Each structure stands twice: as C-alpha cells, then as structure tokens.
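[1] 3D model of this:
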Amino acid sequence: MSVRVLPTDVGGARATGWWGMAMFIVAELALFGSALAAYFFLRFQTPTWPPAGIEKPDLVLGGVATALLLSSSLPMLWAERGIARGQVWRLRLGIAIAMVLAIAFLSIQGYEYATAEFGYRTAAYGSLFFTITGLHGLHVIGGLLIASYLEARSFAGHFDEQRHLAVQTGALYWHFVDLVWIAIFVSLYVSPHIG
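    Now for the predicted structure:
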C-alpha cells in the first residue's frame, strides 16, 4: 500500500492561500460596489451634483494620483515574475518602487483632503466622497503593510523560485486595490464633469 503525500508548496490558483485572498477580494468588491451604488443613487436623486457651493473634483490632480497608483502595478508584477525566476533582487526592487508610487498616491490624497473646501459633514456628497476615497486609502495602506511584510521576508531569505505564494497573494491584493481605484476615479472624479 502506497501513501500519497500532499504537496507543501503549492502556488498560483491551486493554493488555498490564493483562494483565500480571492474570496477576500470578492467581499471587498461587494463593499466598494455598495458604496458606489449609494453614491450613484444619491447623485441621480439630486438635480445638482456636487451640490451648489462645492467645486467638481480636480481631474488633473486626480489624474496624476491615478497614474501613480495604476503604474505601481507594473513594478509589483515585475517583482512577482522576478521571484518566480529566482531573482530576489527583482522582488525587492519591484516592491520598493511599487511602495514609493503608492505613498505618492496617498500624499496627493492627503493634499486633496487638506485643501478641500468641503468636509465629510458637508451634505451627502461630502460624506460619500470622503468615505469612499478614505476607505480606498485604508486599502492602499493595507497594501503597503503587506508589501512591507513581503519586503522584510525577502531580506530574511524566505522566497525563491519554488516558494513565493505570499508574493502571489500579496500582488493579487495590490492589483485589486489599483483596479478598484479606476471605478472610484471614474465615478467620483470624472462623472461629475460629464453630467
């Protein structure tokens, strides 16, 4: 009678860790979807959006922030593919570049908050704007914490071409946070200029 041994290092979509992150992302999509649905529900119930006295969001500043955040997925992907080839230096450098871009994004978001002529208590618009962008900002901070953890583990020698599931799941979360921002940017920044 032979005994079959389960694999200990399964990567990609076969790994339970990957599926755990995928299910977490599905739950987070429901959260952001609900928030954006509330935004559009109130927007289409109001004749003027944003309300009188509140300027429409700055597309240039928001566009720069968007470009920074979306471009952070490229070095993260480069890092992920690098460690799959056993190139730890690529993992470290890619994560570091992605983190710098995400911090720049958060800096712009902080500047927007500090200079906004409205607050979270200024009508439903202000509540939704700050809630949705703030919620996303917290997810970016979560991504930075995950990236910091991965970076520390890379310097501890925990990853190689065979063992890098944590990098795969961390990168999956990172790309999710970037993609969600596209929906937020189009909804909160672009749509008020259209209608």
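
[2] Can you give the contact residues for stretch 29-44?
    For stretch 29-44, contacts defined as CB atoms under 8 Å, 6 or more residues apart in numbering pick out 49, 124-125, 128, 131-132, 135-136, 180, 183-184, 187-188, 191. For glycine as for every other residue, the C-beta is placed from the backbone atoms N, C-alpha and C.

[3] 10 Å instead, please
    The contact list for stretch 29-44 (CB atoms under 10 Å, 6 or more residues apart in numbering) reads 49-50, 123-125, 127-129, 131-132, 135-136, 139, 176, 179-181, 183-184, 186-188, 191-192, 195.

[4] Okay, and which of the residues you listed map to helices?
    In this view, the contacts of stretch 29-44 that belong to helices under DSSP state H are 123-125, 127-129, 131-132, 135-136, 139, 176, 179-181, 183-184, 191-192.

[5] Please pick the buried ones from those residues.
    123-125, 127-129, 132, 136, 139, 176, 180-181, 184, 191-192 (16 or more other CB atoms under 10 Å).

[6] Which two of those residues have the greatest separation?
    Ala123 and Phe176 (30.1 Å; CB to CB).

[7] and Thr115, how far is that from Val26?
    To Val26, Thr115 is 35 Å away according to CB to CB, to the nearest Å.

[8] Let me know the pLDDT of the residue lying closest to His193 once chain neighbours are set aside.
    Here the nearest residue to His193 in space, its sequence neighbours aside, is Lys56; by CB to CB, 6 or more residues apart in numbering that works out to 5.7 Å. Note for Lys56: predicted pLDDT of 93.

[9] Adjust the sequence numbering to begin at 738 for everything that follows.
    Noted, 738 is the first residue going forward, which turns the last one into Lys793.

[10] pLDDT-wise, which helix or strand of the protein ranks last?
    The weakest-scoring helix or strand in the chain, judged by mean pLDDT, DSSP states H and E, is helix 928-931 (a mean of 92).
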